[in-house]
Structures are given as structure tokens and as C-alpha cells.
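J.: 3D, please:
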Amino acid sequence: MYFFFNSIKIIYEKFLIIRPKYLSIILLMPLLYLFGWLLANPLLLIGVGKEKISLIGTIFTFLLFILSMPKWFEIRWGLNDTWILLGINKIDKSDERYIYFLKGLLYAIILLSLILIPIISNNWGHWVGRSSPEILLNSFLLIIGIGFAEELIFRGWLLEELKNQYGFKKACIFQSLVFSIVHIGFNIPFWQMISILFGLFLLGILLSLLRLKDNGSLWGCAGLHGGLVGIWFLFNNGLVEISIDAPIWLVGPGNINTNPLGGLYGISLLIISCIFYFLKFKSQIFKFIK
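T.: Residues are numbered from 1 along each chain as shown. Predicted coordinates:
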């Protein structure tokens, strides 16, 4: 068993130094997902349903990702304070992580409220107020799980890795582009797909600026991202009933579960938010980039 794990460690360390460096960035997540899937599949033998294997494989993938991060930055860049670098821990003793997270969550509520107010006031939707323990649990897991996991991957690992190679400006744009592409669905009309792609790209930029504003902390990004996903899920599954006649520019593209940040109105809110954060915290942002 020791020989097996030691062999895996040696292979991984060699994988980290392959050239060109961007090749390991491209291959990391697919390889981790493959290993996560391989670890999850034996659970079929003890009666775990096939419908759960994908979720379990994704969880294993994320755990492998977390375990791989310290060696990633140590071998590639000679950096040891991985969780400080990725914005999970703080350099000083002042713990503002939960404050950042709650502020991000509050901002998500504000953005979604600015979308819901015109929907309800124009009779394109109405308040139902129906929910269930299962929906509430799913919403909570989306807020915590998706917010933390995706931010650690995109605004944590990917942003820092690209920043080390190409500088912050290029890293910010490229990680936002990757973030938008991996979330896009290809079962909708082309122009709606482009609209969602642009909205998600702007969200990636906004989350990057938020991390700089929060002195490198990732917790505000997790609160905003998780809040947007989880709270909209809660609204869209019982609390609010949106009419099929509601305009796409307001509720965003999609069939049953729309993406409000992919509509023209949501995109406008994201542009305003990016400009606001950049202008209000410009000196703080430039200081962190340097």
C-alpha cells in the first residue's frame, strides 16, 4: 500500500513540472475527475445507486483537488502558505472571513432583489411563499458547497496560477472566460448562449474584484457566488412563480430554471457593479495587484 501511494506521489510531482506549464493546468481537473470517478465506482458493489455515483465522484474529485494544492504551489512556485495564498486563511490574526462571507451573501440578495422587484411589480411573477425542507436543504448546500468549491477553484487556484504566469490582468480575464465556458449550456439558442456566456464572464470579473477589495480573502466571493446560486434556486422552486411571459431580458435565458444574470438587465447590473467596485476600491485593488 505504501509503495502504491508513494508511486502516485512521484507521478504527481513529475506531472507538476511538465512543460509548457499551462499543460498541467489544462489536464489537472480532468485527471482529478477521472480519479474521483474511479474511486466512486466500486461503491456500486455495495449497493449505492448509479444516480448517486456522479455526485460522489464529484465530491471525491474536490477532496483530491484540496489534497493536491499544497504540493502544486510548493513544487511549481516554491510557495508554502497555500491556504493564505488561496484566500482561505488570513496572514494576521484578525478573522474577518465570516464578515466577508455575510457581506457577499447580502450583496447577492440585493442583486436578486433588484431583479425580482420589476418582475413582481409588472405582474410577470408573483409571490407564492411555498417551500419544503428538501428545497431549503438544497438551497443551503448550494450556498455553502457551490460558493466555496467553485471559488476555491476559479478565484483561488486558477487565478493565482495564471497570475504567477501571466500577471493579474490576463489572469483575471482568462479565468473569467474559463468560468463562463464551463458553465454554459449548449441546448439553448445561440444568442441566448452568448448572452449567458457574457453574463458569467462579467460575474467572474466582479468576483475577482471582490477578492481584491477583501484583501485577498476568498470568503466574500464564496458568499456572493453561493448566494446568487442558492437563493435564486430557492426563489425559483416555490417562493416565487415566474410567468412564461416574463421577458428574457429581465429573467434571463433558460427554460424552467432561468439565469437572470444572462439577461440584458442582469448584465447591466453586473457592469454597474464592476465599475462601482473598481472606482470605489481602486487604490486598494491596485495595491493588492502590486
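J.: ranges for the strands of the stretch 101-250 of the chain?
T.: 125-127, 240-242 (DSSP state E, counting those that start in this stretch).
J.: to Leu31, which of these lies closest?
T.: With Cβ to Cβ as the measure, strand 240-242 is the member of the strands of the stretch 101-250 of the chain nearest Leu31 (40.0 Å). C-beta coordinates here come from the backbone N, C-alpha and C atoms, glycine included.
J.: what pairs with the closest one, parallel or antiparallel?
T.: On the basis of DSSP bridges, the sheet neighbours of strand 240-242 come out as strand 125-127 (antiparallel).
J.: ranges for the helices of the stretch 151-290 of the chain?
T.: 159-166, 168-183, 190-213, 219-234, 248-251, 264-280, 282-289 (DSSP state H, counting those that start in this stretch).
J.: single out the most deeply packed of these.
T.: Ranked by mean neighbour count, these are led by helix 219-234 with a mean of 25 (mean count of other Cβ atoms under 10 Å).
J.: now do that one against helix 168-183, angle only.
T.: 20 degrees (axes from the mean of the first three to the mean of the last three Cα atoms, to 10 degrees).
J.: taking helix 159-166 as reference, get the angle to helix 219-234.
T.: 130 degrees.
J.: give me the helices and strands touching helix 219-234, please.
T.: If contacts are counted by 3 or more Cβ pairs under 8 Å, 6 or more residues apart in numbering; DSSP states H and E, helix 219-234 sits against helix 97-121, helix 133-141, helix 147-151, helix 190-213.
J.: can you list the domains in this structure?
T.: Residue ranges for the structural domains of the chain, counted by automatic domain parsing, are given in the record as 1-80, 89-289.
J.: looking at those domains, which one has the lowest mean pLDDT?
T.: Ranked by mean pLDDT, those end with domain 1-80 at the bottom, a mean of 86.
J.: if we can go back for a sec, who wins for proximity to Glu51 among the helices and strands packed on helix 219-234?
T.: Closest approach to Glu51 among these (Cβ to Cβ): helix 133-141, 15.3 Å.
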